[in-house]
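Colleague: Show me the folded form of this:
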Amino acid sequence: MSDVNPFERRDGTAVDPNEHVFGHNHVCRTEKRGHVQPGGRSLVEIVVDASNGFVPLWEAGSVMRYRFNARSLRQFARPDQAQTAIRQLFGEAVLAWGDAAPIRFGERRSGVDFEIVVRNADDCDTAGCVLASAFFPDAGKHTLVIYPKMFSQPHAEQIATLVHEIGHIFGLRHFFAQISETQWASQIFGVHNKFSIMNYGADSKLTDADRADLKELYRKVWARELTAINGTPIKLFRPFSTPH
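Modeller: All right, here's what the predicted structure looks like:
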């Protein structure tokens, strides 16, 4: 596959590579919470969602089942190769979190928790172009959406984009949620420097602190040492596909 672009469209079109993940007019629109980072301001903590009056996280042992939306892959000249390439990207992104990943993922054809959908057109506005969007923990069915613009990035940045989105699936909000996303409540747990995969632009890097904070958060929650964050209760969910 090294000599073939798996993301070549049926009409043969391609786009030029860009420089940074979630920067330079690129945004993440998970749950419509994607915003450009305010200039000159930053947070130094891991941020979790509290939009519904509680912090949603996963129960121990959770496995998220997914499948590819076959129809969305028909836009590619070689749908099977595109699916294989996206599967590889997703797998590398999950592995990047290492043993800090609180849940496992498994691909199957039916009874899934989310679909991986590739849009056939970009979603751009004055803030920039969306690369991908995901979801936060709950017991519903969802989609992990990828936009064509993501495939214009270098390979490492494509993985980083999915690492960021998987962070949302784990329950993490943007690093700057309490600055520019205040319409959706969030809470802070742990402390680390501004370099985080949940940040934007040049500061968007998966760090040991990202992994350590996430691992410690779930360890304390599952051990019942932590039931609330700054007074906001924690609510654990099982995936849709798990018997309740």
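Colleague: Low-confidence regions, this protein specifically.
Modeller: 1-4, 11-47, 127, 173-203, 244 (pLDDT under 70).
Colleague: Which helix in it has the most residues?
Modeller: If you go by DSSP state H, the chain has its longest helix at helix 79-96.
Colleague: ok, residues contacting it?
Modeller: 1, 4, 6-7, 68, 70, 73, 76, 101, 105, 107, 116, 118, 146, 158-160, 162-163, 165-166, 206 (C-beta atoms under 8 Å, 6 or more residues apart in numbering). Where you see a C-beta, it was placed from the backbone N, CA and C, and this is true even at glycine.
Colleague: Show me how to select, in ChimeraX, the buried members of these.
Modeller: Of the contacts of helix 79-96, the buried ones go into a single ChimeraX selection, burial set by 16 or more other C-beta atoms under 10 Å:
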select :6,7,68,73,76,101,105,116,118,146,158,159,160,162,163,165,166,206
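Colleague: buried stuff in the longest helix of the chain?
Modeller: Neighbour-count burial for helix 79-96 [16+ other C-beta under 10 Å]: 79, 81-83, 85-86, 89-90, 92-94, 96.
Colleague: Can you tell me which of those lies closest to residue 233?
Modeller: residue 94 (28.2 Å; C-beta to C-beta).
Colleague: Check the gap between that closest one and residue 134 for me.
Modeller: 13 Å (C-beta to C-beta, to the nearest Å).
Colleague: if I look at those two, which residues touch both of them?
Modeller: With C-beta under 8 Å, 6+ apart as the test, residue 94 and residue 134 both reach residue 166.
Colleague: gap between the two ends of stretch 64-80?
Modeller: 22 Å (C-alpha to C-alpha, to the nearest Å).
Colleague: typo on my end, it should be stretch 128-138
Modeller: Taking C-alpha to C-alpha, stretch 128-138 runs 28 Å from one end to the other.
Colleague: could I have stretch 220-238 exported to CSV, CA atoms only?
Modeller: Extracted C-alpha coordinates of stretch 220-238, given in CSV (Å, rounded to 0.1, in the frame of the first residue of the first chain):
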residue,chain,number,x,y,z
LYS,A,220,-9.7,6.3,41.8
VAL,A,221,-13.2,6.2,40.4
TRP,A,222,-13.2,2.4,40.0
ALA,A,223,-11.8,1.9,43.5
ARG,A,224,-14.6,4.2,44.8
GLU,A,225,-12.0,6.6,46.2
LEU,A,226,-13.4,9.3,44.0
THR,A,227,-17.2,9.8,43.5
ALA,A,228,-17.3,13.5,42.6
ILE,A,229,-15.0,16.1,41.1
ASN,A,230,-15.2,19.5,42.7
GLY,A,231,-18.7,18.6,43.9
THR,A,232,-19.9,17.3,40.6
PRO,A,233,-21.0,13.6,40.9
ILE,A,234,-19.4,11.0,38.7
LYS,A,235,-21.8,8.7,36.8
LEU,A,236,-20.5,5.5,35.2
PHE,A,237,-21.9,4.0,32.0
ARG,A,238,-21.9,0.7,30.2
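Colleague: Thanks a lot, catch you later.
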